[in-house]
Every structure is written in structure tokens, then in C-alpha cells.
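Q: Let me see the structure of the following:
(4 chains)
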Number of protein chains: 2
Amino acid sequence: MAYNIPVEATLDVIGGKWKVVIMCHLIKGEKRTSELKKLMPTITQKMLTQQLRELEHDGVVNRMVFDQVPPKVIYSLTEYGWSLRPILDAMCAWGEHHIEVIEEN
Amino acid sequence: MAYNIPVEATLDVIGGKWKVVIMCHLIKGEKRTSELKKLMPTITQKMLTQQLRELEHDGVVNRMVFDQVPPKVIYSLTEYGWSLRPILDAMCAWGEHHIEVIEEN
DNA sequence: TAATGTAGGCACTTTAAAGTACCTATATCC
DNA sequence: GGATATAGGTACTTTAAAGTGCCTACATTA
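A: The predicted structure is shown next:
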């Protein structure tokens, strides 16, 4: 793909409603699908899977499947994914200075 | 508004297809509407105006209207808008390391 | 034995984002 | 007098994003 301005490449990878949120959670450590689901109560199973697939396809997220029942899948950031860290950190930091957060239970 | 994770507040302000691109241009200096339009050949007039209105509403962009004909309007980042700079810089930098850019003419 | 939990797949519908087309005002230029 | 340039507005349509509902497998638990 070609862009008019380089930052569009960044948006291609982490644009959209969920990707940044997912990656912000993965920055704190690898997570199972169900853990991510709990951390993001309003995402649907379909959206979660779909976004993870795209992140995996773009090489920023790793999918580790354990051959057991019930199924177990662990997601983590790839080394390439870690290169996005300055962006994610800056976004998280900015957000923290501008809102109230829903209480956890 | 309330969020599950602070970074959602950031996405509220700069999320979407165009806002980051617009702000990356404004970081380099204030711009007239027509200048922004030239810098973003694929944005429509409607989208440009609409996104600028939202950015203005969120306090990150300033709209300066000159009372003359033909009309002249200049957009610039507000001080609050400048607080997003670390994010925009990081996003621009990441993009620059991951694509080819369409040649300008 | 029947319910539970996990990580999805798939078809379909809804909603939100984005795009198209056409309209305004008026000073200045040709 | 008619074209041009500027910064929009508005109604409508298209397209993409997101959501809903229902389905699978099977070991473990109650």
C-alpha cells in the first residue's frame, strides 16, 4: 500500500476502535482470550477474535495455541509489536490525565 | 463519558480515519482549509470540515476566521492540542519506518 | 447425566462512518 | 457581465465497521 503521509501506515496497523486497547492490555503481559474479554467487557467475542487476527496478520501480536481441552490460547506482543510501545505509552499516559475510569469490581 | 481504560479517552479525541492525519499536518504549522485539502488529496470537503469541527469542539484545534471575501479560515493547534504531540510524533516516526510514500508533485 | 467453560466459526442485521451531489455568498479578475 | 476562488451547508446514498444469535468440541465438574 502507498500513503500520502507516513502516519497512515501507523493507522493501518493500530487504527480502529479496539486495536489500541487490546495492545495496551498486552503491554502489561500476555493474556488468554478470556482474560482479554474480561478486561474489555463491551467487546464482542467476534470483534475480539477478528481484531486479534488482524494484529497477528500485521505481525504485532503472537498467537500461541495449547492443544488441550477446553482450548487455551495466549496472546502476546511480538518484538515488532513492541516497536509500537512509545505510541501506546503516550496514548495511555494522555488518557490517564483526562478522565474518570469505570470502577472495577 | 466514562471508560473501561483511560486510553479510550485518547481515542475519543484522535480516533477515526482523519484526525491524526490532520493534526500531524497542523503540528508543522497553522494551515488554511485549502492548504489542508491539498495536503490530503483524498479527503472530501465535508469530512475535512466535519473533523475540524470535532477537533475544535474537543479543544485541540483553533479556528480563526478572517472576515473577508473570498473567505479565509486558519486552523492551528491549541495549547491543549500540543499536549498530544508526544503521541503524534511517535505515530509519525513509526510510520516513517514502515512505508513508501506517494510522490508529491 | 447434564451442565460448564473455552475459543472460536458463520450467517445475518444494524449502526456508524464516509462519500456524492448540489447549493450559498461575494469581492476580484478578465 | 460572467467566471473564479474560498469555506462551508445540507440532503441523500454508499460502504465499512460493529453487533447478534446460534453452532461446535470435549474434558471436567456437580
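
Q: Which residues of chain A lie near DNA strand D?
A: Selection of chain A residues close to DNA strand D by C-beta under 7 Å from any atom of the strand yields A:16-18, A:42-47, A:69-71. Just so you know, the C-beta spots here come from the backbone N, C-alpha and C atoms, and that holds for glycine as well.

Q: Swap in 6 Å and give it another go.
A: Residues of chain A that fall close to DNA strand D, judged by C-beta under 6 Å from any atom of the strand: A:16-17, A:43-44, A:46-47, A:69-70.

Q: closest to DNA strand D among these?
A: Of all the residues of chain A next to DNA strand D, DNA strand D sits closest to residue A:17, with 2.9 Å by C-beta to the nearest atom of the strand.

Q: and that closest one, what pLDDT?
A: What the model reports for residue A:17 is a pLDDT of 92.

Q: Flag the shaky bits of chain A, pLDDT-wise.
A: Flagging of chain A using pLDDT under 70 yields the residue ranges A:1, A:100-105.

Q: Show me where it has its helices.
A: Assigned by DSSP state H, the helices in chain A fall at A:7-14, A:19-27, A:33-39, A:45-57, A:79-82, A:85-96.

Q: if we can go back for a sec, can you add neighbour count and give the residues of chain A next to DNA strand D back as a markdown table?
A: Formatted as a markdown table, the residues of chain A next to DNA strand D follow (neighbours: other C-beta atoms under 10 Å in any protein chain shown):
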| residue | neighbour count |
| --- | --- |
| A:16 | 18 |
| A:17 | 13 |
| A:43 | 19 |
| A:44 | 11 |
| A:46 | 8 |
| A:47 | 15 |
| A:69 | 6 |
| A:70 | 5 |
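
Q: Can you lay out those residues as TSV showing distance to residue B:78?
A: Listed next are those as TSV, based on distance: C-beta to C-beta, whole Å:
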residue	distance to residue B:78
A:16	26
A:17	25
A:43	32
A:44	36
A:46	39
A:47	33
A:69	55
A:70	51
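
Q: out of those, who's near DNA strand C?
A: Within those, those near DNA strand C by C-beta under 6 Å from any atom of the strand are A:46, A:69-70.

Q: Between those, which sits nearest DNA strand C?
A: Using C-beta to the nearest atom of the strand, residue A:70 comes nearest to DNA strand C of these, at 3.1 Å.

Q: Which residues are in contact with that closest one?
A: Contact analysis of residue A:70 by C-beta atoms under 8 Å, 6 or more residues apart in numbering or on different chains lists nothing.

Q: now it: how far from residue A:34?
A: 10 Å (C-beta to C-beta, to the nearest Å).

Q: And residue A:10, by the same measure?
A: Taking C-beta to C-beta, one finds residue A:10 at 29 Å from residue A:34.

Q: In terms of packing, which of the two has more residues around it?
A: Between residue A:10 and residue A:34, counted using other C-beta atoms under 10 Å in any protein chain shown, residue A:10 has the larger neighbour count: 24 against 13.

Q: Would you mind listing what in chain A touches chain B?
A: Residues of chain A lying close to chain B (C-beta under 8 Å from any C-beta of the partner chain) are A:1-11, A:15, A:17, A:20-21, A:24-25, A:39-42, A:83-84, A:86-88, A:90-96, A:98-102.
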